[in-house]
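Chemist: Quick check, what structure comes out for this input:
(2 chains)
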Amino acid sequence: MSKIDQDLMGGSMTASGCKKLNFSSGQQIIVDGDFGEEMFIISSGSVEVSKVLQGKRVVLGHFGRGEFFGEMSLLEGVPRSADVFAKEETQLLSISSGGLLLKIRRDPTFALEMLQSFSGKLRLANERLGREIQKGNTSESDINL
Amino acid sequence: MNTEVRSERMVVISDLHIGNPFCRGSEDLWLFINQAREEGYDLCVNGDGFDIMQTSLLEIIAEIPMFIEATQRFNRQNNQIYYTVGNHDLPLEAMIASNKGVAFCPFMNLHSGSKRIRIEHGYLYDPNFVKNPERYERLVHLAGHFLKVAPNLYKLWMKYEKFKNRNETDHEGIPGEPREFFSAVKEICDRGFDSVIFGHTHHPGSIERRDFSYYNTGSFMLKPYYALINAGEIKLCQWEKTRSLGEQNLCKS
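Modeler: Sure thing, here's the model as predicted:
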């Protein structure tokens, strides 16, 4: 049983069915390729997202207090796409798919904050694609959905 | 729509209900806003600034030039007026947002000092509104007619709400307001906020816990309370014209 599974069984529960989990600095929270059906909000501390590409660990980003991660597995049921490590003493709020509905019911502005975050990520992805097309690394026909 | 805001010095007021008969005496409001600008604070009107639910545009319109002038003065001084929407001014959203001097948002995540502060009107957590919004709206309209005849009826209602809470031994929130508000504060703070500032209930007060704090600024027109934010530290104060905003008496719930 992984650390996160143990914590999910034992963590303290909030009113909306979320669980509070604590991680120490350097501890792995998510393993690339694992199946998981929960997302995490950072109550305190921060995390680093990284992935091993061609044998080398590449840092993809950092998340701090109030930000969330792991939502792709929850929303799409796909395996985890990167590793996530705690950068310091970190407390997370773990939300399952059923818990997400209850969370949104009790804390509706969270839904708007999620949409804002997705919108920002999509805009960044579009800007990067635009740059790649300008550089000639890809063509418009390759990226049409 | 920008909900992430940084400000080191801000004052928050709410529930002005401009146009509503139970909130007469807007001269003091404009004096307060002017003082906030002179002392270099940003201002947040945390919902229900104008009241179209219980009044008409005709009753509101006389105050609009004062509001526009106040925002222009703030902007000239590089201070900002923020306006978060409430349930009594939701239909006026387009009108308020068209004033370019106002930063209009559904709620605000304020970064001040090292603190994250949620500023939100709070009607989304009112159990009466959530359970049946249409009935709530009809009752609010109906109450508006009674208030035109007897504005003081509202004060009686406020007393009744406080009295009702007294018998609830497990009530954790500010006296007078439904327990759902304090539950919402805990939900919001669980995801990385230090403090929450609501309005809506017209019951001013504060609750300070080890991990988080909650403030309700009440209705400025009933009692001139405001939240003063200075580098992330929040104080709930009662306004007196003769003193600077940072030196006012603290309000106790």
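
Chemist: any idea where the strands of chain B begin and end?
Modeler: Per DSSP state E, chain B carries strands over the ranges B:4-6, B:9-13, B:42-46, B:81-84, B:102-105, B:108-112, B:115-119, B:195-198, B:205-208, B:213-216, B:225-230, B:233-238, B:249-250.

Chemist: which residues of chain B fall in helices?
Modeler: B:26-38, B:57-61, B:64-76, B:93-97, B:127-131, B:133-149, B:153-166, B:180-190 (DSSP state H).

Chemist: ok and the longest one relative to helix B:153-166, angle-wise?
Modeler: Right, helix B:133-149. Calculated by axes from the mean of the first three to the mean of the last three CA atoms, to 10 degrees, helix B:133-149 forms an angle of 130 degrees with helix B:153-166.

Chemist: what does helix B:133-149 contact?
Modeler: Residues outside helix B:133-149 that contact it (CB atoms under 8 Å, 6 or more residues apart in numbering or on different chains) are B:20-22, B:53-55, B:87-88, B:126, B:128-129, B:153-154. Just so you know, the C-beta spots here come from the backbone N, C-alpha and C atoms, and that holds for glycine as well.

Chemist: Just the buried ones among those residues, please.
Modeler: B:Asn20, B:Pro21, B:Phe22, B:Met53, B:Gln54, B:Thr55, B:Asn87, B:His88, B:Asp126, B:Phe129, B:Tyr154 (16 or more other CB atoms under 10 Å in any protein chain shown).

Chemist: would you turn the residues you listed into JSON lines with distance to B:Gly40?
Modeler: Compiled in JSON lines, these are given as follows (distance: CB to CB, whole Å):
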{"residue": "B:Asn20", "distance to B:Gly40": "31"}
{"residue": "B:Pro21", "distance to B:Gly40": "34"}
{"residue": "B:Phe22", "distance to B:Gly40": "32"}
{"residue": "B:Met53", "distance to B:Gly40": "34"}
{"residue": "B:Gln54", "distance to B:Gly40": "35"}
{"residue": "B:Thr55", "distance to B:Gly40": "33"}
{"residue": "B:Asn87", "distance to B:Gly40": "31"}
{"residue": "B:His88", "distance to B:Gly40": "30"}
{"residue": "B:Asp126", "distance to B:Gly40": "34"}
{"residue": "B:Phe129", "distance to B:Gly40": "36"}
{"residue": "B:Tyr154", "distance to B:Gly40": "34"}
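
Chemist: what residue ranges in chain A score low on pLDDT?
Modeler: Residue ranges of chain A with pLDDT under 70: A:1-11, A:15-16, A:143-145.

Chemist: Which positions in it make contact with chain B?
Modeler: Neighbours of chain B within chain A, by CB under 8 Å from any CB of the partner chain: A:14-16, A:18, A:20, A:41-44, A:65-67, A:93, A:103, A:106-110, A:112-113, A:116.

Chemist: Distance check, the residue lying closest to B:Met53 once chain neighbours are set aside against chain A.
Modeler: Of all residues not flanking B:Met53 in the chain, B:His88 sits nearest, at 4.4 Å (CB to CB, 6 or more residues apart in numbering or on different chains). B:His88 is 19 Å from chain A, where distance means CB to the nearest CB, to the nearest Å.

Chemist: now B:Asp194
Modeler: Using CB to the nearest CB, we find B:Asp194 at a distance of 9 Å from chain A.

Chemist: Please apply the same query to B:Ile33.
Modeler: Separation of B:Ile33 from chain A (CB to the nearest CB) stands at 26 Å.

Chemist: mind listing what that residue touches?
Modeler: Listed by CB under 8 Å, 6+ apart, the contact set of B:Ile33 reads B:Leu43, B:Ala70.

Chemist: Repeat that for A:Phe68.
Modeler: By CB under 8 Å, 6+ apart, the neighbours of A:Phe68 are A:Met39, A:Phe40, A:Ile41, A:Ile42, A:Met114, A:Ser117.

Chemist: make it 10 Å
Modeler: Contact analysis of A:Phe68 by CB atoms under 10 Å, 6 or more residues apart in numbering or on different chains lists A:39-42, A:74, A:92-93, A:95, A:110, A:113-114, A:117, B:191-192.

Chemist: repeat for A:Gly45
Modeler: So A:Gly45 contacts A:22-25, A:63-65, A:86-92, B:192 (CB under 10 Å, 6+ apart).

Chemist: Spatially nearest residue to it (excluding sequence neighbours)?
Modeler: That would be A:Thr90: by CB to CB, 6+ apart, it lies 2.9 Å from A:Gly45.

Chemist: how many other residues sit next to that neighbour?
Modeler: Using other CB atoms under 10 Å in any protein chain shown, A:Thr90 has 24 neighbouring residues.

Chemist: And it, how far from chain B?
Modeler: 11 Å.

Chemist: Return the set of residues that bridge with that residue.
Modeler: A:Phe23 (DSSP bridges).

Chemist: That one contacts A:Ile29, doesn't it?
Modeler: Yes - if you go by CB atoms under 10 Å, A:Thr90 and A:Ile29 touch, sitting 7.9 Å apart.

Chemist: between these two, what contacts are shared?
Modeler: A:Leu21, A:Phe23, A:Phe40, A:Val47.

Chemist: give the contact list for the second one.
Modeler: Just to be clear, that refers to A:Phe23. A:3-4, A:7, A:29, A:40, A:45, A:47, A:84-92.

Chemist: For chain A, which helix extends over the most residues?
Modeler: Chain A, longest helix under DSSP H: helix A:109-135.

Chemist: okay, which residue is most central for chain A?
Modeler: A:Phe69 (1.7 Å; CA atoms, centre = their mean).

Chemist: just how off-centre is stretch B:125-135 within its chain?
Modeler: A distance of 19 Å separates the centroid of the chain from that of stretch B:125-135, by CA atoms, centre = their mean, to the nearest Å.

Chemist: what distance separates the start and the end of it?
Modeler: This stretch, stretch B:125-135, spans 16 Å end to end (CA to CA, to the nearest Å).

Chemist: Could you list the buried residues of that stretch?
Modeler: The neighbour-count check on stretch B:125-135 (16+ other CB under 10 Å) flags B:Tyr125, B:Asp126, B:Phe129 as buried.
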